[in-house]
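Asks: Sequence plus the predicted model coming up.
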Amino acid sequence: MAASAGGTQAPADEVPEPQREAHSLEPGSDSRAGRLSFCTKLCYGIGGVPNQVASSATAFYLQLFLLDVAQIPAAQVSLVLFGGKVSGAAADPVAGFLINRSRRTGSGRLMPWVLGCTPFIALAYFFLWFLPPFTSLRGLWYMTFYCLFQALATFFQVPYTALTMLLTPSPRERDSATAYRMTMEMAGTLMGATVHGLVVSGAHSPHRCEDDIELLGPVTVSPSATCLYSVAAAVVAVTYPVCSGFLHLGVKERPDPSAPASSQGMGFLAGLGLTVRHPPYLKLVISFLFISAAIQVEQSYLVLFCTHASRLHDHVQSLVLTILVSAVLSTPLWEWVLQRFGKRMSAFGICVMVPFAILLAVVPTAPVAYVVALVSGMSIAVSLLLPWSMLPDVVDDFQLQHQHGPGMETIFYSSYVFFTKLSGAGALGISTLSLEFAGYVAGACKQTEQVVVTLKVLIGAVPTCMILTGLCILMVSPTPKVPSQDASRQLSLRRRTSYSLA
C-alpha cells in the first residue's frame, strides 16, 4: 500500500513526453526550494520507528505471552493470531481507498491520518499485553486488541510511507529521505526486540519452575511477570506519541499536484482482476506467499522452541538480537549481490537457512543456535529485499503489455501486501492449532514429548518445505523483460520500491 505514492505521475495528455522525461532525468538539478534539511529528514525517519518497534516485539514475544502468561488455550491463541493478521490484511486496501479520497486539511492530506491513529494504536498496543482480571473471556480480549492494533498499524503506516512523495518534488531528496526512514526503521526493529526482551526476561527465568519441574500442569503466574509485560508495553506504546510529535513538528506536507488526476484511475477491484491474471505477478506472489509465511513461522516459534524444546532459556534474548543484527548488517551485501549476480541467483540465499534450521531441531545446543541465528538473519534479509526488487520489473512488464494509466502500481503493491499478510495469518493460525492437537498446556513448566516434537517440526521441517516450494515456483516463473534504456522509468520504479519496504 505504501507504493500508492507511485501513482502521482501526471497524465500523458497534460504533460508532453519529452518534458516529463527531462524532468525525471534531472535528479542532480534540485532547486534550493526542493531540498530537505537534515532535521526534516531525521524527523521523517523517526516517524517510522514506532511501528517497527511494536512489530518486532510482537513477532518474537506475543505468542509466548499468550500461552505462558495469559495462559489461554493454544486453539484460542491460533484464532487470535489469525484474526489479527487478517485484520491487518483487510485494512490495507481499505486504508488506501479511504486515504486516497480524503480531503486536504491545514496539516495536509496524509498527516492527519498518522496523528489521528497515534493515541488509539498506543492504547491498543498497551492493552494487548495487559492481563485482565477475568479468565473466561481472555481469548476475546486479546483477539479484540490484536485486531485493533493490526488495523490501526496499517492506517498509520500507509499514509506515513506515502508521505515520501509529498515531501519534495526532488527525486534525489526523496531517495535521501527514504534512506533516513529505512535506517531509523532498522534501528526501531532492533530496539523493539531488545528493549522488550530485556524488560520481560525475568518473567521467564528457569528458576520459577525449579520446585515443580516434573509438573505438566500450568504454573501460577506471578504478579511481577504481568507487571514486567505491562512495563514493556508502556515503553513501546510511548514511542507512538513521541515519534509522531517529532514527525508533525519537523515535516511539512506539500500539496499533492496529482490529487485531481488520482481519482480518474482504474477501480481497485477491476485493477486487481487484471493483475492476478498477469502470469509473472501471479507466480511471484504465490512463491513469496510460501517464503514469507515460512519466515514468520520461524520467527514466531523460535522463542517457544528455546523455552520448551531445548535448554536455551538463557539465550533467547541473545539469539533474537543475533538474528536482527545479522539481517540489518547483511542487507547492503544482498543489495550488492542483487546488482552483481541478478535476482534469480540472489533467491538461493533464502534457502541457506534450510540445513541450519534442520540442524537446530536435531542438535539444539547453544553453539548451533547462534550459528542458526546468524544464518537465519541473512536469509530473512534477502527474503524481505528480493520481492520489492522484483515487483517493479513485473509492474513495468504489465504496463508495457496493457498500457494502462497511472495508479496500477498501487494495485500491484497493495494486493501483494494483502496476500502476504493473509498467508502469514493462515500459517501462524494453523501451526498454533497444531500445538493444541499435540496437547500443549498453557503456562506449564514442562510440556509433553508430543509438544516438543511438534515444536521441532515447526522450527525445522515446516519452514524448510515452504521455502523450497516457494523457490521452485520462483525459479520456473518467466523473467519479465524490462527496457533498460528507459532510465526515467527505472528511477521511478526504484523509488516506488523504496517506499514500499515497510
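Replies: Sure thing, it's come through. Numbering: from 1, shown residues only.

Asks: can you list the residues that contact stretch 324-339?
Replies: With contact meaning CB atoms under 8 Å, 6 or more residues apart in numbering, stretch 324-339 is reached by 56, 186, 189-190, 193-194, 345-346, 349, 373-378, 380-382, 384-386, 389. C-beta: built from backbone N, CA, C; applies to glycine.

Asks: Now the buried members of these.
Replies: Neighbour-count burial (16 or more other CB atoms under 10 Å) applied to those gives 56, 186, 189-190, 193-194, 346, 349, 373-378, 380-382, 384-386, 389.

Asks: Just those: which are in strands?
Replies: Using DSSP state E, no member of the buried ones among the contacts of stretch 324-339 falls in strands.

Asks: Inside helices: which ones of those residues?
Replies: Among the buried ones among the contacts of stretch 324-339, the members found in helices (DSSP state H) are 56, 186, 189-190, 193-194, 346, 373-378, 380-382, 384-386, 389.

Asks: which stretches of the stretch 51-200 of the chain have low pLDDT?
Replies: 100 (pLDDT under 70).

Asks: Repeat the analysis, applying 80 as the threshold.
Replies: 96-97, 99-109, 162, 164-166, 168-172, 174-176, 178-179, 182-183 (pLDDT under 80).

Asks: Going along the chain, name the helices of it.
Replies: 74-100, 111-128, 138-162, 171-200 (DSSP state H, counting those that start in this stretch).

Asks: Of the ones you listed, which is nearest Phe60?
Replies: Checking those against Phe60 by CB to CB gives helix 171-200 as the closest, at 5.5 Å.

Asks: So which other helices or strands are in contact with the closest one?
Replies: Packing partners of helix 171-200 (3 or more CB pairs under 8 Å, 6 or more residues apart in numbering; DSSP states H and E): helix 38-47, helix 49-64, helix 223-250, helix 316-341, helix 487-499.

Asks: so of these, which one's packed in deepest?
Replies: Among these, helix 49-64 has the highest mean neighbour count (mean count of other CB atoms under 10 Å), at a mean of 24.

Asks: what's that one packed up against?
Replies: Counting by 3+ CB pairs under 8 Å, 6+ apart, the packing neighbours recorded for helix 49-64 are helix 74-100, helix 111-128, helix 138-162, helix 171-200, helix 223-250, helix 279-308.

Asks: As TSV, those with distance to Val395 would be great.
Replies: Formatted as TSV, the helices and strands packed on helix 49-64 follow (distance: least, CB to CB, whole Å):
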stretch	distance to Val395
helix 74-100	16
helix 111-128	25
helix 138-162	17
helix 171-200	18
helix 223-250	29
helix 279-308	8
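
Asks: What is the neighbour count of Pro133?
Replies: Number of residues near Pro133 (other CB atoms under 10 Å) recorded here: 5.

Asks: ok, now how distant is it from Ala234?
Replies: Look at Pro133 and Ala234: by CB to CB, to the nearest Å, they are 18 Å apart.

Asks: Going by neighbour count, which residues of the one helix or strand Ile358 maps to are buried?
Replies: Secondary structure assigned from DSSP states H and E places Ile358 in helix 353-362. Across helix 353-362, burial judged by 16+ other CB under 10 Å covers 353-354, 356-361.

Asks: neighbouring contacts of stretch 284-294?
Replies: Residues from elsewhere that reach stretch 284-294, judged by CB under 8 Å, 6+ apart: 276, 350, 383, 387, 390-391, 394, 415-416, 419-420, 423-424, 426-427, 462-464, 466-467, 469-471, 473-474, 477.

Asks: That stretch - what's its average pLDDT?
Replies: Averaging pLDDT along stretch 284-294 gives 90.

Asks: Could I get the pLDDT score of the residue nearest to Pro119 when sequence neighbours are not counted?
Replies: Excluding the flanking residues, the one nearest Pro119 by CB to CB, 6 or more residues apart in numbering is Pro241, at 6.9 Å. Predicted confidence (pLDDT) for Pro241: 95.

Asks: And Pro50, by the same measure?
Replies: The model's pLDDT for Pro50 equals 94.

Asks: Please name the residues that touch it.
Replies: Neighbour list for Pro50: 121, 156, 188, 236, 239-240, 243-244 [criterion: CB under 8 Å, 6+ apart].

Asks: just those residues now: which is nearest Leu62?
Replies: Closest to Leu62, out of all of the contacts of Pro50 and judged by CB to CB, is Val236, at 11.8 Å.

Asks: My read is that that closest one contacts Ala54, right?
Replies: Yes. Counting by CB atoms under 8 Å, Val236 touches Ala54, with 5.5 Å between them.

Asks: Mind listing the shared neighbours of those two?
Replies: Jointly contacting Val236 and Ala54 under the rule CB under 8 Å, 6+ apart are 125, 192.

Asks: low-scoring stretches of the stretch 201-350 of the chain, by residue?
Replies: Counting by pLDDT under 80, the stretch 201-350 of the chain shows low-confidence ranges at 201-223, 254-275, 335, 339, 342-344.

Asks: 50 instead?
Replies: By pLDDT under 50, the low-scoring segments of the stretch 201-350 of the chain are 211-215, 258-264.

Asks: What sits closest to Leu79 if chain neighbours are left out?
Replies: Met143 (6.4 Å).

Asks: sorry, back to before: list just the nearest of the contacts of Pro50 to Ile99.
Replies: Ile99 lies nearest to Phe156 out of these, by CB to CB, at 11.1 Å.

Asks: Leaving out the residues flanking it, which one is nearest to the closest one?
Replies: Among residues not flanking Phe156 along the chain, Cys117 sits closest, at 4.4 Å (CB to CB, 6+ apart).

Asks: and the one you found, what does it touch?
Replies: For Cys117, the contact set (CB under 8 Å, 6+ apart) comprises 152, 155-156.

Asks: ok, Ala361 touching Ile459?
Replies: Yes. Using CB under 8 Å, Ala361 is in contact with Ile459, at 5.5 Å.
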